[in-house]
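Colleague: Quick check, what structure comes out for this input:
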Amino acid sequence: MRHLRFAAGILGVVGFALRLAEDVRLHRLRKRLARVSDETFLKTARSLNAFEGSLARLALETSVNDDVRAFADHVLEKEGDVTGDLIEIMDVDQAPDQHFKPIYHGWVDDLQKAKAAEFDQAFVDVGQTVYQGALSVFEAYVRDDGAGTLKTYAARNIPRLQARLSQLQALDLSAPQPIEAVI
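Modeller: Okay, the predicted model is just below:
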């Protein structure tokens, strides 16, 4: 019986240590995210803009779900405004980075390979992951001290990212979709 109590005590200590280690990792991640450089923010914002357009165009080509297609249409309607705002605040003397590869580029490639039956769910999953990650970076960037056009852009776009995330989460993927007639 004593051995059982001892083993249970050891397991309790191990469980506590694992929870503490997880808390330490989360604290380090939050601390790292609390200081987002201009370069990191700009790369995230540029990547998000490229991702949104690519994702929306792919959804219009691939999805048969009316809600997914409506979301994609909405994203494409607003794409020019968001991209234009970012281009305006970027340094006009800075030459375009020919080697720029969007952070989220691989996920769009993966979605292109998704089977039609799995596309809509994969679209929502990838979109939510990207928007949540981008939102974290935008919020951390705005929390940093200082001001400037990039911070203003970030603050102005946080509600947009939150809305897009909410819209993705609200998509009805269970709605029956039209079946094409076989001739």
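
Colleague: Pull the residues that contact stretch 123-143.
Modeller: Contacts to stretch 123-143, defined as CB atoms under 8 Å, 6 or more residues apart in numbering, come from residues 33-36, 40-41, 44-45, 48, 51, 55, 58-59, 63, 68, 104, 107, 110-111, 114, 150-151, 154-155, 157-158, 161-162, 164-165, 168-169, 171, 173. C-betas here are computed from N, CA, C, even on glycine.

Colleague: which sections of the chain are below the confidence cut-off?
Modeller: 1-34, 80-84, 89-102, 145-146, 175-183 (pLDDT under 70).

Colleague: Helices of that one, residue ranges please.
Modeller: Per DSSP state H, the chain carries helices over the ranges 2-33, 38-62, 66-89, 105-112, 116-143, 149-170.

Colleague: export the ones you listed to JSON lines and tack on mean neighbour count?
Modeller: Below are those laid out as JSON lines (neighbours: other CB atoms under 10 Å):
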{"stretch": "helix 2-33", "mean neighbour count": "10"}
{"stretch": "helix 38-62", "mean neighbour count": "19"}
{"stretch": "helix 66-89", "mean neighbour count": "15"}
{"stretch": "helix 105-112", "mean neighbour count": "14"}
{"stretch": "helix 116-143", "mean neighbour count": "18"}
{"stretch": "helix 149-170", "mean neighbour count": "16"}
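
Colleague: can I assume residue 119 is in contact with residue 111?
Modeller: Yes: using CB atoms under 8 Å, residue 119 is in contact with residue 111, at 7.0 Å.

Colleague: which residues are common contacts for the two?
Modeller: residue 62.

Colleague: Let me see the contact set for the closest residue to residue 112 other than its chain neighbours.
Modeller: Excluding the flanking residues, the one nearest residue 112 by CB to CB, 6 or more residues apart in numbering is residue 58, at 6.4 Å. By CB under 8 Å, 6+ apart, the residues touching residue 58 are 108, 111, 112, 123.

Colleague: Export those residues as a markdown table, with columns for distance to residue 141.
Modeller: Listed next are the contacts of residue 58 as a markdown table, based on distance: CB to CB, whole Å:
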| residue | distance to residue 141 |
| --- | --- |
| 108 | 24 |
| 111 | 27 |
| 112 | 30 |
| 123 | 27 |
